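**Student:** have a look at this prediction, sequence included:
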Amino acid sequence: MALQLRKSVSREDAVREAAPSSQRLMELSWAFAPAQALSSALDLGLFTQIAEGKTRLAALEQAVGASRRGLAMLLNAMVAIGLLTRKGAGEKARYGLAPDSDAFLVAGRPGYLGDFIRLHVEELSRNWAHLTECIRTGEPVVAVDTPEQGVALWEKLVDPLFAVNCAAAWRLAEEIDRVYAGEPLRLLDVAAGSGVWGIAAAQRSPATRVVAFDLPETLPHTRRNARRHQVADRFEFSPGDIRTDDFGSPEFDVAVLGHICHSEGAEHTRLLLAKVGRAMKAGGLIAIAEFLPDEGRSGPPLPLLFALNMLVHTRAGDTFTFGEFAAWLKEAGFHDVRPLETPSPSPLILATRS
């Protein structure tokens, strides 16, 4: 066997090979830029114009009312981050939509997330500018988990959340229909907000009756969306506060907590799960939608960054692991805790009332 001789490496080459790159830190320091550029593209209606057939620079320039210099730069940036495609070069280049842009960034389509994205860039980012102080004090910039401070933000956020949760809500509706096979059932939508979870279930099965529970200031949004989707006749709208009001006797077959636990924090979530459990029939199904970090809280990034969002915007909010939810659900009288994969950033958590 021939000896494999190692190529000699100079000390300078070795240092170069071992030296860490600043590339990742540079990208992180510019992390604000893609979101801002995307927000500007949405302001201009860029994705909608391309979907309508204006695919060249000259046509887009006229349609969105932008300077050629600025628009060319924006188009280049959108291509670079993968939200647009481009065929050809220069004046003859044609632009197209990436699949996720086509699904979520064209105004008027069911999955449109433009309003949700702009709200983050225009409003939530201002609060995040105070993150260091929030970390030092443990206090939020604004406590949106209290009605007196939260209603103003919820007025802006509740309707855009319909599109954010629509795909996951429809997947849950399919699962409910599979379990109950179209039988009559009563569904409690806790902190119903836009109403997306109950609306999807009612659309899937005509035998479903929904009780939408939320603050009186929020329920007009729920009612309007239920009417728009032609299921309002199967809705009851129950005003109240999830921390102080009860959900009644064991009358519900299904209960949904759609992205509410993160703003409640651990203590209030445990109390809320116990309260929901008392309102459910034996054998009933509970579904929880949340951002789930892994058990060691080392990833994925979104749930852990969202935990910081709860520091900025609530008094006790956080994100919780599947294991934490499983323990709390068992404590509240549920068993068979399991995930349900959905087309969203995290699976749903399902459990059965004992």
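**Tutor:** Received, thanks.

**Student:** and Leu187, helix, strand or coil?
**Tutor:** strand (DSSP: H, G, I helix; E, B strand; the rest coil).

**Student:** what's the closest non-adjacent residue to Pro293?
**Tutor:** Once flanking residues are discounted, Pro293 sits nearest to Pro303: 4.1 Å by Cβ to Cβ, 6 or more residues apart in numbering. C-beta here means a position set from N, CA and C on the backbone, and glycine is covered the same way.

**Student:** in stretch 49-58, what's buried?
**Tutor:** For stretch 49-58, a neighbour-count test (16 or more other Cβ atoms under 10 Å) marks 49-51, 54-55, 57 as buried.

**Student:** in the stretch 201-350 of the chain, which spans are strands?
**Tutor:** Under the criterion DSSP state E, counting those that start in this stretch, the stretch 201-350 of the chain carries strands at the ranges 208-214, 235-239, 252-258, 280-289, 334-340, 348-353.

**Student:** and the residue nearest to Pro293, what is it in contact with?
**Tutor:** Contact analysis of Pro303 by Cβ atoms under 8 Å, 6 or more residues apart in numbering lists 291-293, 319, 345-346.

**Student:** now for Val312, how many residues are close by?
**Tutor:** 21 (other Cβ atoms under 10 Å).

**Student:** just checking, it touches Leu131?
**Tutor:** Yes - between Val312 and Leu131 there is a contact under Cβ atoms under 8 Å: 6.0 Å.

**Student:** and the residue lying closest to Val231 once chain neighbours are set aside, what does it touch?
**Tutor:** Computed as Cβ to Cβ, 6+ apart, the closest residue to Val231 that is not its neighbour in sequence is Ala202, at 4.0 Å. Residues in contact with Ala202, defined by Cβ under 8 Å, 6+ apart, are 187, 208-210, 226, 231, 234-235.

**Student:** do that again at 10 Å, thanks
**Tutor:** Counting by Cβ atoms under 10 Å, 6 or more residues apart in numbering, Ala202 touches 173, 187, 195, 208-210, 226, 229-235.

**Student:** can you check Glu61 too?
**Tutor:** By Cβ under 10 Å, 6+ apart, the contact list for Glu61 reads 54, 67-72.

**Student:** ok, Lys92 next?
**Tutor:** 56-57.

**Student:** and Pro110, by the same measure?
**Tutor:** If you count contacts by Cβ under 10 Å, 6+ apart, Pro110 has them with 103-104, 162-163, 166-167.

**Student:** distance of it from Ser101?
**Tutor:** 15 Å (Cβ to Cβ, to the nearest Å).

**Student:** next SSE after the strand or helix carrying Leu42?
**Tutor:** Element membership for Leu42 (DSSP states H and E) is helix 32-43. The element immediately downstream of helix 32-43 (helix or strand, assigned by DSSP H and E) is helix 46-51.

**Student:** average model confidence for that following helix?
**Tutor:** Average pLDDT, helix 46-51: 98.

**Student:** that one packs against which elements?
**Tutor:** If contacts are counted by 3 or more Cβ pairs under 10 Å, 6 or more residues apart in numbering; DSSP states H and E, helix 46-51 sits against helix 32-43, helix 57-64, helix 68-80, strand 84-87, strand 94-97, helix 99-104.

**Student:** let me have those in JSON lines, extended by distance to Gly240 and mean pLDDT.
**Tutor:** Compiled in JSON lines, the helices and strands packed on helix 46-51 are given as follows (distance: least, Cβ to Cβ, whole Å; pLDDT from 0 to 100):
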{"stretch": "helix 32-43", "distance to Gly240": "35", "mean pLDDT": "97"}
{"stretch": "helix 57-64", "distance to Gly240": "45", "mean pLDDT": "96"}
{"stretch": "helix 68-80", "distance to Gly240": "44", "mean pLDDT": "97"}
{"stretch": "strand 84-87", "distance to Gly240": "46", "mean pLDDT": "98"}
{"stretch": "strand 94-97", "distance to Gly240": "43", "mean pLDDT": "98"}
{"stretch": "helix 99-104", "distance to Gly240": "33", "mean pLDDT": "97"}
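
**Student:** and the protein, what are its domains?
**Tutor:** 31-104, 147-353 (automatic domain parsing).

**Student:** quick one, which of the ones you listed is packed in tightest?
**Tutor:** domain 147-353 (a mean of 19; mean count of other Cβ atoms under 10 Å).
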